[in-house]
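> Sharing a model prediction with you, sequence too.
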Amino acid sequence: MQNIKDYIEANKQRFLDELFELIRIPSISPEKEHKDDMYCAAKLWKKIMIKSGCDIAKVMETEGNPVTYGEKIIDNSLPTVLVYGHMDVMPVGKEELWKSPPFEPEIRDGKIWARGADDDKGQAFMHAKAFEYMVKSNTLPCNIKFIIEGEEEIGSPNLKKFMEDNKEMLKADVILVSDTSMIAPDIPSITTGLRGLTYMEVELTGPKHDLHSGLFGGAVANPVNVLTKMLASLTNKKGEITIKGFYDDVIKVSKAERAEMAKAPFDKKKYKDTIGISRLSGEKGYSTNERTGIRPALDINGIWGGYIEKGTKTIIPSKAYAKVSMRLVPNQDNKKIAKLFEKHFKKLAPKSVKTDVRFLHGGESYVSPIDIPAYKAAEKAYTEIFGKKPIPVRSGGSIPIISTFEKVLGIKSILMGFGLASDAIHSENENFPLEMFFKGIETIPAFYKYYAEK
């Protein structure tokens, strides 16, 4: 049987063809009109699992979008790895900014360009092909289970109940996830922490309908004017969040741990060039990596209201809206933060507008220990394939369901990501380097080998 490198080389085009079939399905969970597409993706994942070597694969219902489950149990006395991924993707954003159609994957400059190329179709698909190799080469050393869900991008609202209802089916020793990134192609890293998330939507209402800004301007509060002032006050000049009680539960990271974090290589110029900015900003007193790894943050994700089409229309809008997300660190409770935000935001609002605040979704932060067998196995796997020991990093991103896995199933997750900061996930022109896609397929079997040894 071929070794993993030769197997990848011999099957490269087939792997890409199969991945592209998955990517072409517009499984956009935040948009309800794509419900049927979620089922198309779930059914295709069932086909992928069976083709890759699962003895059982099935599409299972939740109160929302479906879940695809698969398994191969080779020996009940051996450890079991539960692979988690998600089939849903973010909306495409502004289609005119895409250099190629978002659901027509294209290879340019050594990268796959498409929505879901990295997050998370490309990264989840790596596990299916690594598994396929281990089955065909008779080198699978563990039992394996797959759970691919369809609601990660909207906070996995129905997966907790699904897990509670299927605890025995999902029983495993560790959860393996590829939905994060590495520092650089030549600097492997393992994500050991994820920030939590609280996501809110606010609505301000002024007059009962749009008004002529000439006849009423200066006499009636403009909800858009009011909203922008309120949003601007949520952070101060030091980059601190002004919501009362927001930092009460934040655990300060020790100087020793901050010193260890500082050892991670960071090229400030390259970082800025990659995302096209001239200056960095954030909370005073913290480095860029600390701001995204160990400190919370607040961002306005969208703001709208009034007339935004071409030309002019002189109005005072009746309504104004915004979406606000807060990334949280360990010990911060997302529901508590939602209540603090609502209380603070309503207190900011003048009596000239009506304010409505809605909690959309959230999740807890997660920290993975670096002394457990599964982490050590991942560390050895990266070292073998990349030739360098991976650096443990705390990510600024959130995967809300990861902390729920531990609470419900009682097992830890290992976050073996192969994405890069330049992959533009959640943005236009999402991409995934072919090098990282194939490296991921190569690295994953090494994890199984070392995990089984422990």
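Arrived safely.

> which stretches of the stretch 201-350 of the chain have low pLDDT?
Scanning the stretch 201-350 of the chain for pLDDT under 70 picks out nothing.

> And the helices in it?
For the stretch 201-350 of the chain, applying DSSP state H, counting those that start in this stretch gives helices covering 213-216, 223-232, 255-261, 268-275, 288-293, 334-348.

> which secondary structure elements does the first one contact?
With contacts defined as 3 or more C-beta pairs under 8 Å, 6 or more residues apart in numbering; DSSP states H and E, the packing partners of helix 213-216 are strand 315-316. To be clear about C-beta, it is placed using only N, CA and C from the backbone, and glycine gets the same treatment.

> Sheet-wise, list the partners of the strand it packs on with their directions.
Strand 315-316 has its sheet partners listed here by DSSP bridges as strand 211-212 (antiparallel).

> Settle this for me: G362 is touching R195, isn't it.
No. G362 is not in contact with R195 according to C-beta atoms under 8 Å; the separation is 11.2 Å.

> Of the two, which one has the most company?
More neighbours surround R195 than the other of G362 and R195, with 26 against 21 (other C-beta atoms under 10 Å).

> Surely that one is in contact with L328?
Yes. Using C-beta under 8 Å, R195 is in contact with L328, at 5.7 Å.

> Next one: the closest residue to K346 other than its chain neighbours relative to M200, how far apart?
Excluding the flanking residues, the one nearest K346 by C-beta to C-beta, 6 or more residues apart in numbering is T355, at 5.3 Å. In this view, T355 and M200 are 12 Å apart by C-beta to C-beta, to the nearest Å.

> between those two, who's got more neighbours?
The residue with more neighbours, out of T355 and M200, is M200; 22 against 19, by other C-beta under 10 Å.

> Can I take it that that one is in a helix?
No. Counting by DSSP: H, G, I helix; E, B strand; the rest coil, M200 falls outside a helix, being strand.

> returning to that earlier point: before we move on, which element is the residue nearest to K346 in?
For T355, the host element (DSSP states H and E) is strand 354-363.

> Same check on E71?
Using DSSP H and E, E71 sits within strand 67-72.

> What are the contacting residues of that strand?
By C-beta atoms under 8 Å, 6 or more residues apart in numbering, the residues outside strand 67-72 that reach it are 42-43, 45-46, 49-50, 53-61, 87, 131, 135, 140, 143-150, 159, 162, 166, 169.

> wouldn't the residue nearest to K346 be in contact with V202 here?
Yes. With contact defined as C-beta under 8 Å, T355 counts as touching V202 (7.0 Å).

> residues shared between the contacts of those two?
Common neighbours of T355 and V202 (C-beta under 8 Å, 6+ apart) are F345.

> domain parsing for the protein?
Domain ranges of the chain: 4-194+365-453, 196-250+296-363, per automatic domain parsing.

> Could you export those as TSV, including distance to E257?
Output for those, formatted as TSV (distance: least, C-beta to C-beta, whole Å):
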stretch	distance to E257
domain 4-194+365-453	10
domain 196-250+296-363	12
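
> Buried residues, the strand holding T355. List them.
Neighbour counts over strand 354-363 (16 or more other C-beta atoms under 10 Å) mark T355, V357, F359, L360, H361, G362, G363 as buried.

> Please tell me the pLDDT value assigned to M1.
At M1, the model reports a pLDDT of 68.

> what do you get for the one 5 residues further on?
Looking at D6, its pLDDT reads 97.

> before we move on, the earlier item: starting at the chain centroid, how far to the strand holding E71?
Here strand 67-72 is found 21 Å from its chain centre; the criterion is C-alpha atoms, centre = their mean, to the nearest Å.

> before we move on, back to that, quick one: buried ones out of the contacts of strand 67-72?
By neighbour count, with 16+ other C-beta under 10 Å, the contacts of strand 67-72 hold 42, 45-46, 49, 53-54, 57, 59-60, 87, 131, 135, 140, 143-150, 159, 162 as buried.

> Restricted to helices, list these.
With helices defined by DSSP state H, the entries of those inside them are A42, W45, K46, M49, F131, V135, L159, F162.
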